[in-house]
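In: Whatever this is, show me its structure:
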Amino acid sequence: MVKTQLIVLAAVASVASAFAPMQMSVSVRYKTSNRRRIGYRSLFLSSKSGIAYFENGAARRDFIKAAGTAAVATVGSVAFPLVSSAEVEVPTQVTAYDFPTDWGLTFKYEDDAARVRVHMVTATGLGKGADKMEDFGKNMKKEMVDFVSYYRRFPKVAGKPSFSTLYTSINVLAGHYTSYGYKYPLPEKRRKRLYQEYAEIDKSLKRGR
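Out: The predicted structure is shown next:
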C-alpha cells in the first residue's frame with residue numbers, strides 16, 4: 001500500500017515544469033507497524049522544502065489526499081495528456097526546411113498557440129546537421145518561454161486543454177535543449193510522444209478549447 005502511494009506521489013512530481021525556479025527535496029518519513037524499524041522515502045517535489053512525519057496510516061492517507069488535491073489545483077489537466085492513445089505517423093527527420101520568419105507573440109492566444117505548435121513540429125523534425133539548427137533552437141526556446149510566461153497568468157487560458165497539452169510539450173522540448181543543446185536531434189521515442197501531443201493540441205484548438 002505504501003509503495004503504491006509513493007508511486008502516485010512520484011507521478012504527481014513528474015509534471016513539474018522545466019521553467020520552475022527550483023526543485024526542492026522533500027523527505028517523507030513514516031513509522032512502520034514494526035516498532036523496531038522506521039522506513040524512509042525521499043521524493044523531489046516542486047514545492048517548499050520540509051519534512052513530513054507520518055505517525056500512522058491515517059496521517060499518510062491525509063497527506064496523499066492533500067498532495068494530490070494541491071497538484072491538481074496547480075497544474076490543472078497537465079497530467080492528463082501525458083499519454084495519448086492515438087497513434088500518429090512519425091515523419092522522417094529532415095535537414096532542409098523553411099526557416100521561420102514569424103517568431104514571437106501576437107498576444108492572441110489561439111494564434112500564438114497555433115504558431116508555437118507549428119514551430120515545435122518543425123523543431124521536432126530536424127535531423128542532425130540541419131541548416132541553422134542552433135539558431136532555430138535558440139529562437140524556439142525563447143518563443144516557448146515567452147508563451148508560457150505570458151499565458152499561464154490567465155486562468156481562463158491556463159485551464160484550456162490546448163494550453164495544458166502544449167505546456168507539457170514545451171517542457172519536453174525545452175528539457176531536451178537544456179540537456180543536449182540545440183544541435184542534437186530528439187530521440188525517436190520522444191519525437192513520437194511529441195507528435196501525439198501536437199495532434200491533440202491541433203484538435204483542441206479547432207474546437208476552441
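In: Tell me the first helix or strand C-terminal of the host helix or strand of Y177.
Out: Assessed by DSSP states H and E, Y177 sits inside helix 161-180. As assigned by DSSP H and E, the chain's next helix or strand after helix 161-180 is helix 188-206.
In: Mean confidence (pLDDT) on the helix or strand hosting D111, please.
Out: Using DSSP H and E, D111 maps to helix 109-124. Regarding helix 109-124, the rounded mean pLDDT is 97.
In: got it, and stretch 197-209?
Out: Per-region confidence: stretch 197-209 scores 96 on mean pLDDT.
In: which other residues reach it?
Out: Stretch 197-209 is contacted from outside by 81, 84, 86, 88, 110, 113-114, 117, 120-121, 124, 160-162, 165-166, 168-169, 172, using Cβ atoms under 8 Å, 6 or more residues apart in numbering. Backbone N, C-alpha and C define where each C-beta goes, glycine included.
In: which residue packs closest to W103, ignoring adjacent ones?
Out: Residue nearest to W103 in three dimensions, not counting chain neighbours: N139, with 5.0 Å by Cβ to Cβ, 6 or more residues apart in numbering.
In: Quick one: neighbours of that neighbour, just the number.
Out: By the criterion of other Cβ atoms under 10 Å, N139 has 18 neighbours.
In: what do you get for the one 3 residues further on?
Out: The criterion is other Cβ under 10 Å. On that basis, K142 has 12 neighbouring residues.
In: go on, the one 5 residues further on?
Out: Counted with other Cβ under 10 Å, the burial measure for F147 works out to 22 neighbours.
In: again, but for A114
Out: When neighbours are counted by other Cβ under 10 Å, A114 registers 17.
In: separation between it and K142?
Out: 18 Å (Cβ to Cβ, to the nearest Å).
In: same question, G208
Out: Distance, G208 to K142, by Cβ to Cβ: 28 Å.
In: same deal with A199?
Out: Distance from A199 to K142, counting by Cβ to Cβ: 25 Å.
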